[in-house]
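Visitor: Pasting a predicted model and its sequence here:
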Protein chains: 2
Amino acid sequence: MTRDILVGELSESELLARIFPRLRSGTSVLLGPGDDAAIVAAPDGRVVVSLDIQTQDQDFRLLWKNGYRTTGFDAGWKAAAQNLSDINAMGATATSLVAGLTLPPATPVSWVEQLADGLSAAIEFLGATGCSVAGGDLGRGTELSISVAVLGSLAGHAPVLRSGGRAGDQLALAGTVGRAAAGLALLESDVPVESLTIAQRELLDTQCRPVPPLAAGPAAARAGATAMLDISDGLVRDGARLAGASGVVVNLMQPALTGLAEPLAPAAELLGIDPMEWVLGGGEDHGLLAAFPPGVPLPPGFTAIGSLLPGNATTAPVTIAGEAVQASGWDHFVL
Amino acid sequence: MTRDILVGELSESELLARIFPRLRSGTSVLLGPGDDAAIVAAPDGRVVVSLDIQTQDQDFRLLWKNGYRTTGFDAGWKAAAQNLSDINAMGATATSLVAGLTLPPATPVSWVEQLADGLSAAIEFLGATGCSVAGGDLGRGTELSISVAVLGSLAGHAPVLRSGGRAGDQLALAGTVGRAAAGLALLESDVPVESLTIAQRELLDTQCRPVPPLAAGPAAARAGATAMLDISDGLVRDGARLAGASGVVVNLMQPALTGLAEPLAPAAELLGIDPMEWVLGGGEDHGLLAAFPPGVPLPPGFTAIGSLLPGNATTAPVTIAGEAVQASGWDHFVL
């Protein structure tokens, strides 16, 4: 039986030599890894940029309470997906990402290789085919952390901001909400991962390998979306952000919310939790919440879930059928 | 006596509200912090990008052996400086950076505010006047970590890579080498920080707040530099990288090295260390090592320190007056 090689047993250049061949390359990257910096095409003279960090025991656990072990592939996939989603939410498409890994010396090298595979696979599977891994940084630490900065192109179009919504606009959702939160509840439960049904396991997988709807962001921009953001902290909390930035009230329709709760039943029944909590408060599916002018046909992938109304965005930014709901969802600092 | 407010006592939005006003803004950032992503001008249709991470106890200590406490200002300055240096080393100028902070809940909020001040002050003082802080990410962790991605513009010029050096080229240095390493030795020594002379303290300060020569990179590009990199891991190790990429031997002149060692005497004598170790193996001053065609006048800020010779870049990439020297310097993984 062979022992895993550990990160602390390789030099930085030896580890890089194992990672580089696994990273996706493409034509948008004019100069890839290996120099002081990379060079990426920015065809319309602007570049969209965002940065997100995932840290062990804050954003994921290496070993969850239900026995599931986060794979390197999961960690790489999730890091790519949540960054690609930020570009999507501007109505842009990703051109490249740079990734920084902070690794405890006892991390198996195979885990890091899988992380590189997961980054590349997410880019490919999610349809960000113009995106490549342009470079990055490696360092040591006591906890595992993955920093990704992603660059994107607006291809000549205006960005879709959070602030452009107007009273009377239709409110629509692309992708899913609540599934990653249901998956998180399963991961944090006493129910062993081996005993989950296929439907329950699919919810768990959405937490570990989210599937943001990357075609929907640019489609929304082309269809004239007035405001958009990705739902990373929950429908109510992110809805309140759109409401606050646009100076309107986000009003959700109860039947739409009920429809969003239905796919969560397999986990909700198992754990005895009201699935509406996940629909309203769960982030990390990285669906898109977008506003469209009245009468505009919604682009493919979007479903109507409410509308923007005049009103006080400070005191009651989000309502369901006119009734105020409390902001809930994830805050990184207040637990 | 008032107690420091801690990061764990504020929500993410409360902490962001304290940081944002301290971040430098400018015209290159078309859309700043507050949306899903930022938008930065990329006037020539390309963007130079690099990412670097600094982690507590790997890249800096909050409390050093000599009693010096790393300030938030130091940490912000150093994060900006080392990233700006990567853009400089391509012959480009920085347009923006995005910063991600991983913060233990017990971190004083004032330390984080100083970090934002340090980021902005380094940009200003080092002369990256076209550069702004475009956005970032905040998260919790058990150790403090600062991830910065920096974007830059080549302003229509070709980048200066590591690989373009030719036998016969002049080899030149801009900025300093060895000072940050001397400063690190002082920080890690038993000699109390309060007892240091002004000259010793200046070396310590170079470790905490390096001063990369940001005008020199674009000047080298305009002067026709054939190869360039920034010295982050030591003259011999980074020299070997230039040698390997260009397929030449980097030959250093002994008198130039002796001249570089002289300013290190105040620390070398105190600690009983040969300053040549710091000249050859010390990184983190972020000076530039560049090759220029024979006969080309060196641009302002550069000093001749050797030449590129034909020879075997694999077995003896770096020589001093023709004698091979061993690669030394910092490796993040092998200690």
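Guide: Okay, I see it. Numbering: from 1, shown residues only, chains lettered A, B, ... in the order given.

Visitor: For the rest of this, base every contact and every neighbour count on C-alpha atoms.
Guide: Will do.

Visitor: touching chain B at all, stretch A:299-318?
Guide: No: judged by C-alpha under 8 Å from any C-alpha of the partner chain, stretch A:299-318 makes no contact with chain B; its nearest approach is 14.7 Å.

Visitor: Report the contact partners of A:L15.
Guide: By C-alpha atoms under 8 Å, 6 or more residues apart in numbering or on different chains, the contact list for A:L15 reads A:V7, A:V109.

Visitor: Specify the local secondary structure of it.
Guide: helix (DSSP: H, G, I helix; E, B strand; the rest coil).

Visitor: Just list whatever residues bridge to A:A41.
Guide: B:R46 (DSSP bridges).

Visitor: Do I have it right that A:L119 meets A:F73?
Guide: Yes: contact status for A:L119 versus A:F73: in contact at 7.4 Å, counting by C-alpha atoms under 8 Å.

Visitor: which one of these two has more residues nearby?
Guide: A:L119 (27 against 23; other C-alpha atoms under 10 Å in any protein chain shown).

Visitor: That one is in what secondary structure piece?
Guide: Taking DSSP states H and E as the criterion, A:L119 maps to helix A:109-125.

Visitor: residue nearest the centroid of chain A?
Guide: A:Q82 (2.9 Å; C-alpha atoms, centre = their mean).

Visitor: Nearest spatial neighbour of that residue, chain-adjacent residues omitted?
Guide: A:H286 (6.9 Å; C-alpha to C-alpha, 6 or more residues apart in numbering or on different chains).

Visitor: do you know how far the one you found is from A:R209?
Guide: Noted for A:H286: a distance of 11 Å to A:R209, by C-alpha to C-alpha, to the nearest Å.

Visitor: Tell me the pLDDT of the closest residue in space to A:P218 that isn't next to it in sequence.
Guide: Among residues not flanking A:P218 along the chain, A:G91 sits closest, at 4.2 Å (C-alpha to C-alpha, 6+ apart). At A:G91, the model reports a pLDDT of 98.

Visitor: which stretches of the stretch 151-300 of chain A form strands?
Guide: A:170-174, A:227-230, A:249-252, A:288-292 (DSSP state E, counting those that start in this stretch).

Visitor: Now render those strands as TSV, adding mean pLDDT, distance to chain B and mean neighbour count.
Guide: Formatted as TSV, these follow (pLDDT from 0 to 100; distance: least, C-alpha to the nearest C-alpha, whole Å; neighbours: other C-alpha atoms under 10 Å in any protein chain shown):
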stretch	mean pLDDT	distance to chain B	mean neighbour count
strand A:170-174	98	16	26
strand A:227-230	98	6	31
strand A:249-252	98	17	28
strand A:288-292	98	11	30
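
Visitor: Looking at the ones you listed, which is nearest to A:A42?
Guide: Smallest distance to A:A42 across the strands of the stretch 151-300 of chain A (C-alpha to C-alpha): 22.5 Å, for strand A:227-230.

Visitor: List the pairing partners of the closest one within its sheet, with orientation.
Guide: The strands beside strand A:227-230 in its sheet (DSSP bridges) come out as strand A:288-292 (antiparallel).

Visitor: Show me what the strand it pairs with is in contact with.
Guide: For strand A:288-292, contacts defined as C-alpha under 8 Å, 6+ apart pick out A:89, A:165, A:169-175, A:213, A:216-217, A:220, A:223-231, A:239, A:298, A:307-308.

Visitor: If I take that strand and strand A:170-174, what angle do their directions form?
Guide: Using axes from the mean of the first three to the mean of the last three C-alpha atoms, to 10 degrees, the inter-axis angle of strand A:288-292 relative to strand A:170-174 is 150 degrees.

Visitor: Only C-alpha atoms, please: export strand A:288-292 in PDB.
Guide: This file holds the C-alpha atoms of strand A:288-292, laid out as PDB (Å, rounded to 0.1, in the frame of the first residue of the first chain):
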ATOM      1  CA  LEU A 288     -29.900  34.900 -10.500                       C
ATOM      2  CA  LEU A 289     -32.500  37.400  -9.400                       C
ATOM      3  CA  ALA A 290     -33.300  39.900 -12.100                       C
ATOM      4  CA  ALA A 291     -35.800  42.600 -12.900                       C
ATOM      5  CA  PHE A 292     -37.300  43.200 -16.400                       C
END
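
Visitor: and the helix or strand just after that strand, which strands flank it?
Guide: The element immediately downstream of strand A:288-292 (helix or strand, assigned by DSSP H and E) is strand A:302-309. Strand A:302-309 has its sheet partners listed here by DSSP bridges as strand A:170-174 (antiparallel), strand A:249-252 (antiparallel).

Visitor: Including distance to A:L10, could the ones you listed go into JSON lines?
Guide: Shown next, in JSON lines, are the strands paired with strand A:302-309 (distance: least, C-alpha to C-alpha, whole Å):
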{"stretch": "strand A:170-174", "distance to A:L10": "44"}
{"stretch": "strand A:249-252", "distance to A:L10": "53"}
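
Visitor: Next, find the distance separating A:V7 from B:E284.
Guide: For A:V7, the distance to B:E284 - C-alpha to C-alpha - is 24 Å.

Visitor: Between these two, point out the one with more neighbours.
Guide: Higher neighbour count among A:V7 and B:E284: B:E284, with 29 against 23, using other C-alpha under 10 Å.

Visitor: residues contacting the more buried one?
Guide: Neighbouring residues of B:E284 by C-alpha under 8 Å, 6+ apart: B:Q82, B:A180, B:A181, B:Q207, B:P210, B:I231, B:S232, B:D233, B:G234.

Visitor: Which one (most neighbours) among those?
Guide: Going by other C-alpha under 10 Å, B:I231 tops the contacts of B:E284 with 30 neighbours.

Visitor: Next, give phi and psi for that residue.
Guide: Phi and psi for B:I231, reported as degrees, to the nearest 10, are phi -90, psi 90.

Visitor: Chain A versus that one, what's the distance?
Guide: Computed with C-alpha to the nearest C-alpha, to the nearest Å, the distance linking B:I231 and chain A is 10 Å.

Visitor: so who does that residue touch?
Guide: Listed by C-alpha under 8 Å, 6+ apart, the contact partners of B:I231 are B:V177, B:D238, B:G283, B:E284, B:D285, B:H286, B:G287, B:L288, B:L289.

Visitor: now these in CSV, with distance to A:V279?
Guide: Below are those laid out as CSV (distance: C-alpha to C-alpha, whole Å):
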residue, distance to A:V279
B:V177, 56
B:D238, 53
B:G283, 51
B:E284, 49
B:D285, 51
B:H286, 50
B:G287, 53
B:L288, 53
B:L289, 55
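
Visitor: So which of those are in helices?
Guide: Counted as lying in helices by DSSP state H, out of those, are B:D238.

Visitor: ok, of the contacts of B:I231, which one's closest to B:A134?
Guide: Among the contacts of B:I231, and counting by C-alpha to C-alpha, the member closest to B:A134 is B:H286, at 23.5 Å.

Visitor: Sweet, I'm off.
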